[in-house]
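[1] need the 3D shape of this:
(one chain, ligands or ions: 1)
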Amino acid sequence: MASVAKALLIVAFVFTNALLAETYSAKVKQLYLPEQPKAVGRLLPTAEVKMLGDSGDKVEIEISGWIEDGVPSAVYFAPNRRILVAGINKSTQYKFDDGKSVEDGGKKWIQIKAKFLTEKDGFSDDVDSMYKSAEEMFNTNCSICHKLHDKKEFNANQWPSMINSMLSRTAISKEESYLLIQYLQKNAKDMPYKK
Ligand code: HEC
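    Predicted coordinates:
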């Protein structure tokens, strides 16, 4: 009997974990809050999220990241590294749980978790293949006019404007550029984050 109970517990455990699975945003996705028909923000590709379950025609997700103290509209991947996990409209008040905080770059950064709704599509468990395709995008598009720049040549906060100034010279679409920016920022000179 005990072994049956044990087996059931294991099944329940595996099942619960599957339901609350960690997955990744595979594109720029709209974020919503309950009772608000209009999107309140955007989730960026490669952002890790926890699937909490269906909510009508959408899914509820939990996002996590870092905000600058008093500026909840931008959720970042690491303190003082402006690698966007999500951007929330400045006029939107949303609830978040705050965790630990650190000082970096003369500012206070707070780790948060927050729940949003989003469309069901556009998630992938395979973040590595997202980074792989970003790497290919970088290698093929960014070595045409000059030699490929080293990912470690710039800080995470420097890459976005660099990419944006080069974008019109390439065949990379605005949509695709969000993934390229994530890839270069996460492999930048001051990454991975150490403090
Ligand atoms: C059509 C040609 C062309 C393509 C394609 C191109 N670049 Fe450039 N890039 C240039 C030129 C020309 C410069 C010299 C500075 C300038 O004109 O802005 C430059 C400069 C740079 C610099 C140095 C800027 C600085 O201030 O030190 C970086 C970094 C860079 N490119 C990255 C990229 C990346 C990343 C891509 C792919 C998304 C890319 N480039 C694609 C033409 C190109």
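[2] list the helices and strands the longest strand along the chain packs on?
    Scanning the chain for the longest strand, with DSSP state E as the assignment, gives strand 107-119. Packing partners of strand 107-119 (3 or more Cβ pairs under 8 Å, 6 or more residues apart in numbering; DSSP states H and E): strand 29-31, strand 41-43, strand 58-68, strand 71-78, strand 97-104. Placement of C-beta: from N, CA and C, glycine included.
[3] with mean pLDDT added, can I get those strands in JSON lines?
    Output for the helices and strands packed on strand 107-119, formatted as JSON lines (pLDDT from 0 to 100):
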{"stretch": "strand 29-31", "mean pLDDT": "98"}
{"stretch": "strand 41-43", "mean pLDDT": "98"}
{"stretch": "strand 58-68", "mean pLDDT": "98"}
{"stretch": "strand 71-78", "mean pLDDT": "98"}
{"stretch": "strand 97-104", "mean pLDDT": "97"}
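[4] would you agree residue 134 falls within a helix?
    Yes - counting by DSSP: H, G, I helix; E, B strand; the rest coil, residue 134 is located in a helix.
[5] ok, residue 192 to residue 75 distance?
    Residue 192 sits 18 Å away from residue 75, going by Cβ to Cβ, to the nearest Å.
[6] higher neighbour count, these two?
    More crowded of residue 192 and residue 75, by other Cβ atoms under 10 Å: residue 75, with 25 against 10.
[7] what's the neighbour count on the residue lying closest to that one once chain neighbours are set aside?
    Nearest residue to residue 75, sequence neighbours excluded (Cβ to Cβ, 6 or more residues apart in numbering): residue 65, at 3.9 Å. Residues lying near residue 65 (other Cβ under 10 Å) number 23.
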